[in-house]
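Enquirer: A predicted structure for the sequence below; I have some questions about it.
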Amino acid sequence: MKKIVSLAKRRGFVFQSSEIYGGVEALWDFGPLGAAMKENIKREWKKRFVQQMENIVLLDASILMHPSVWKASGHVENFTDPLIECKSCNGRFRADHMIDGRFVGQGEAKEANQCPNCGDRDFTSSKNFNLMFRTFLGPIEDAANATYLRPETAQAMFTNFKLVQETMRQKLPFGIAQVGKAFRNEITTGNFIFRSREFELAEIEYFVKPGEDEKWFDFWVDQWEQFLLDLGLKKENLRRYEHPKASLAHYSKRTVDIEYKFPFGWGELAGIANRTDFDLKQHAKFSGQDLSYRDDETGEKIIPYVIEPTVGVERLFLALLLDAYEEVEGGRTTTTESAKEKETVLKLSGKIAPVQVAVFPLLKNKPELTAKAQEVYNLLEKDFMCQYDEVGAIGRRYRRQDEIGTPFCITIDFETLEKNDVTLRDRDTMEQVRVPLEALSGELRARLT
Ligand code: GAP
């Protein structure tokens, strides 16, 4: 994990928020490469589930909603973690994260039942702490104007259910998909971007006929897992976890998590919940609106059941980085003098790598080579995320790109000037082939997908 955190900072993937002020715990900024990679993940997700599934439509709802939404959804009452406070240093900890007298992942106490900060043993009794960030709509900060930053994107898909269904003339089963920010005032944080206070969710609310919910639940567990595998995660690093009835969220009939084998242990990466008709019924009750659906075949009015697949974009980003990271002691290259160095290769899929193609002139001080390399770069940047690099020996430039996961490097040499072809180098096999310039875009597209 330390290596990933260091690489992420050094190469512009992830920075701590407000670092010049000492940083803020559990808030992160995605640097140029991280932002590009996150966009790629979200684009792939939309492509798979919105573009390629004709009965799923996209929504982009506001983060702040009517305060009643959070009463209806149960978040005001139930979206809490049990919190205890050290009476001596006022350190706050999650009571449910204490195992055998030690707070897991919350500092390191020398002995059991000690405060991980100061070693004292006197704690307050456990209180429920609501994880939602409270704020105010308009200039008056009173209870009437209070609302919350959304802790999940799901609720807007329920409140807009009828509007989406009618405007898009959808019939059951159909889904609404949304990707966007969510905010949770987590008590315990840590493990880099695994648990932060601001993150992005990619969720689908899939509305089905009651009675068909169990079948669709199984369908979505398979779909969700396949998506993670297709982005490049290794099968052996994924497993399914069936929540026992006692640990289900207040809205759920069944929940299966897809867990990833993080360096700190198996952790939730994604989840699929059967939310039944809980949310639509609650919003119908609190809003006074009819949120039923008229079944075309029977003419009956029904409240659909909802299957919800969800994934945290940053957790997926972290899993993809960890999964792709490889170190080769002594290096993979045998032909250059730098062969003895340790090499880092990020074997990211071409679909999500932040830079897809790097373009190099063989030599920096030959204007005919740099001019041609610029021409190739200008040609490729129309279709691919490209980087131009003319600094240092070619071997070093390859390794710089390997470290950030760039699948292909193109080198322009003297032969290019004669034959109008380039060297295409593959990150994983390090194989180099010559490709005519006119075939280059097509060749790259084929290899990247
Ligand atoms: N609408 C359902 C829902 O929000 P959840 O299990 O609370 O379900 C969904 O969250 C996903 O969001 C999780 O599977 C996880 O990937 C991600 N997630 C949850 N809390 C997070 C946090 N504090 N930081 C980063 N990602 C988080």
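Expert: Done, it's in. Residues are numbered from 1 along each chain as shown.

Enquirer: Which residue is the nearest non-sequential neighbour of the spatially most central residue of the chain?
Expert: Centroid-nearest residue in the chain, with CA atoms, centre = their mean: V313, separated by 1.3 Å. The shortest distance from V313 to any non-neighbouring residue, by CB to CB, 6 or more residues apart in numbering, is to E200 (3.9 Å). Where you see a C-beta, it was placed from the backbone N, CA and C, and this is true even at glycine.

Enquirer: For the one you found, list each beta-bridge partner.
Expert: For E200, the beta-bridge partners under DSSP bridges are K181.

Enquirer: what residue ranges in the stretch 251-400 of the chain are flagged as low confidence?
Expert: Low-confidence segments of the stretch 251-400 of the chain (pLDDT under 70): 334-340.

Enquirer: Near the ligand, which residues of it are found?
Expert: By CB under 6 Å from any ligand atom, the residues of the stretch 251-400 of the chain that approach the ligand are 268-271, 308, 310-312, 314-315.

Enquirer: Among the residues you listed, name the buried ones.
Expert: When these are checked for burial by 16 or more other CB atoms under 10 Å, the buried set is 268-271, 308, 310-312, 314-315.

Enquirer: quick one, helices of the stretch 1-150 of the chain?
Expert: For the stretch 1-150 of the chain, the helices defined by DSSP state H, counting those that start in this stretch occupy 2-10, 32-46, 67-72, 75-78.

Enquirer: nearest to the ligand, of the ones you listed?
Expert: For these, proximity to the ligand was assessed by CB to the nearest ligand atom; helix 75-78 is nearest, at 10.2 Å.

Enquirer: and that closest one, what other elements does it pack with?
Expert: Using 3 or more CB pairs under 8 Å, 6 or more residues apart in numbering; DSSP states H and E, no helix or strand is in contact with helix 75-78.

Enquirer: With just CA atoms, put it into PDB.
Expert: Extracted in PDB, the C-alpha atoms of helix 75-78 (Å, rounded to 0.1, in the frame of the first residue of the first chain):
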ATOM      1  CA  HIS A  75     -31.100   8.200   6.800                       C
ATOM      2  CA  VAL A  76     -31.900  10.700   9.500                       C
ATOM      3  CA  GLU A  77     -32.800   7.900  11.900                       C
ATOM      4  CA  ASN A  78     -30.600   5.000  10.700                       C
END
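
Enquirer: Establish whether that helix and the ligand are in contact.
Expert: No. Against the ligand, helix 75-78 shows no contacts by CB under 6 Å from any ligand atom, the least distance being 10.2 Å.

Enquirer: Show me which residues of the stretch 51-200 of the chain sit near the ligand.
Expert: Residues of the stretch 51-200 of the chain lying near the ligand (CB under 6 Å from any ligand atom): 152, 154, 184, 186, 195-196, 199.

Enquirer: Quickly list what R425 is bridged to.
Expert: C409, Q432.

Enquirer: and what of Y206?
Expert: G175, I307.

Enquirer: The chain should start at 46 in everything you say after this.
Expert: New numbering, starting at 46: the last item is Y251.

Enquirer: Mind putting the residues of the stretch 296-445 of the chain next to the ligand into TSV with secondary structure?
Expert: Output for those, formatted as TSV (DSSP: H, G, I helix; E, B strand; the rest coil):
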residue	secondary structure
E313	strand
L314	strand
A315	strand
G316	strand
E353	strand
T355	strand
V356	strand
G357	strand
E359	helix
R360	helix
